Every structure is written in structure tokens, then in C-alpha cells.
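Undergrad: Let me see the structure of the following:
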Amino acid sequence: MWHASRDAVQRWTQSILHTHDSPERTAAAVGLGVAIGFSPFLGFHTIIGIVLAFCFNLNRVAVLGGLWVNLPWVMGAYYAAATAVGSWLLQTQIPPHLMKRLELVWTLPHWGARIDAIGGLLEPLLWPFTLGSLLGSVIFGFLAYRLVLAVLIARRHHLEAMAAGRDKSAT
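TA: Below you'll find the predicted structure:
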């Protein structure tokens with residue numbers, strides 16, 4: 001009885017996770033996760049990734065692994081650079097002395113004034129942020145796809161060579 005239940009759980013787990021996918025589909029799952037992880041949709045990355053993994057029937061673990069490549073200590077530098085690239089492409093001026101002005105926001109007496117001040121300072125950077133991070137997400141997603149695909153194909157060839165070597169030594 002337990003053996004049948006364990007097999008059912010394994011089949012269910014494999015169907016949910018799609019561990020049987022080809023290297024191309026697994027690499028696509030990681031690439032999609034990386035692309036979403038570096039997208040401008042902060043706070044919604046995981047939800048978007050899981051929904052798209054189910055929609056495209058991709059390996060959920062690979063998508064989540066790709067999503068979480070954009071770690072907290074990378075995010076600030078990435079989004080600042082992406083916004084700078086977006087500003088350059090859109091010919092948008094970054095507000096002068098932005099950091100100093102953001103620091104001064106904290107001296108305002110109440111939260112409503114602080115939020116209004118931050119919104120006023122960052123509003124001109126919304127489109128540069130969006131464009132820059134979308135471009136970055138596409139580039140990083142494609143690079144992740146190519147890298148993971150190369151690693152998975154190399155691993156498959158290595159395992160096939162090992163199996164062929166075992167077969168030759170057995171005869």
C-alpha cells in the first residue's frame with residue numbers, strides 16, 4: 001500500500017515540477033525566471049513567475065530559481081544602473097543632487113509630506129526606470145537561457161559518455 005502511495009506522490013511531484021523537461025524547456029524556465037526577476041514589477045516577481053510557469057507548463061522550481069537570482073544586495077545597483085540607462089535612452093535628466101534631496105525628505109514633519117516629496121522627486125524617473133529595467137531583464141533572461149542550456153547540454157553529453165564508457169567496460 002505504501003509503495004503505491006509513494007509512487008503516486010512521486011508522479012504528482014514530477015507533474016507539478018516538470019523535472020522530466022528537455023534541456024531547452026528547463027533553460028527557458030530559468031531564463032523566464034531571470035527575466036521576470038530583473039523586470040520593473042517589484043513586489044510581483046514571484047506571483048508573475050508562478051502564474052507564467054503554470055501557463056506555459058514550465059518547471060516551477062527552475063522559474064523560481066531564476067526569479068531569485070536578483071538578490072537584495074544586487075537590486076539597488078541593478079535598478080540604479082537600469083534607470084541611468086533608461087534616462088540616457090529617453091534623454092531624461094536625472095534630478096540634480098538626487099541623493100541629497102532624498103535625505104532631506106526625512107526631515108519633513110510627517111509621512112504624508114515625505115511620500116509626496118519622494119513621489120515628486122522620483123516621478124521623472126518612472127519611464128527611464130521602466131525602460132531600463134525591461135531592457136535589462138530581456139538581456140539577462142536571454143543570457144541565462146543560453147548559459148543554462150549550454151550547461152545542461154554539456155551535462156547530458158558527459159552523462160552519455162560516462163554511460164557509454166561503462167557499457168564498453170562491461171563487455
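
Undergrad: Could you use CA atoms for every contact and neighbour count after this?
TA: Fine.

Undergrad: Please name the residues that touch residue 104.
TA: By C-alpha atoms under 8 Å, 6 or more residues apart in numbering, no residues touch residue 104.

Undergrad: Let's see that with 10 Å instead.
TA: The contact partners of residue 104, taken as C-alpha atoms under 10 Å, 6 or more residues apart in numbering, are 98, 114, 117.

Undergrad: you'd agree the second one is up against residue 101?
TA: No - with contact defined as C-alpha atoms under 10 Å, residue 114 does not reach residue 101; the gap is 11.3 Å.

Undergrad: Tell me how far the host helix or strand of residue 27 lies from the chain's centre.
TA: Secondary structure assignment for residue 27, by DSSP states H and E: helix 23-37. Mean C-alpha position of helix 23-37 versus that of the full chain (C-alpha atoms, centre = their mean, to the nearest Å) differs by 8 Å.

Undergrad: between the next helix or strand after it and helix 23-37, how many degrees?
TA: Moving toward the C-terminus from helix 23-37, the next helix or strand (DSSP H and E) is helix 45-55. For helix 45-55 against helix 23-37, the angle by axes from the mean of the first three to the mean of the last three C-alpha atoms, to 10 degrees is 150 degrees.

Undergrad: okay, helix 45-55 in CSV with CA atoms only?
TA: C-alpha atoms of helix 45-55 as CSV (Å, rounded to 0.1, in the frame of the first residue of the first chain):
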residue,chain,number,x,y,z
HIS,A,45,8.0,38.8,-9.3
THR,A,46,7.1,35.6,-7.6
ILE,A,47,3.4,35.8,-8.4
ILE,A,48,4.1,36.6,-12.1
GLY,A,49,6.7,33.8,-12.3
ILE,A,50,4.4,31.1,-10.8
VAL,A,51,1.5,32.2,-13.0
LEU,A,52,3.6,32.1,-16.2
ALA,A,53,5.2,28.8,-15.2
PHE,A,54,1.7,27.2,-15.0
CYS,A,55,0.5,29.0,-18.2
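
Undergrad: so what secondary structure elements neighbour it?
TA: helix 2-17, helix 23-37, helix 60-67 (3 or more C-alpha pairs under 10 Å, 6 or more residues apart in numbering; DSSP states H and E).
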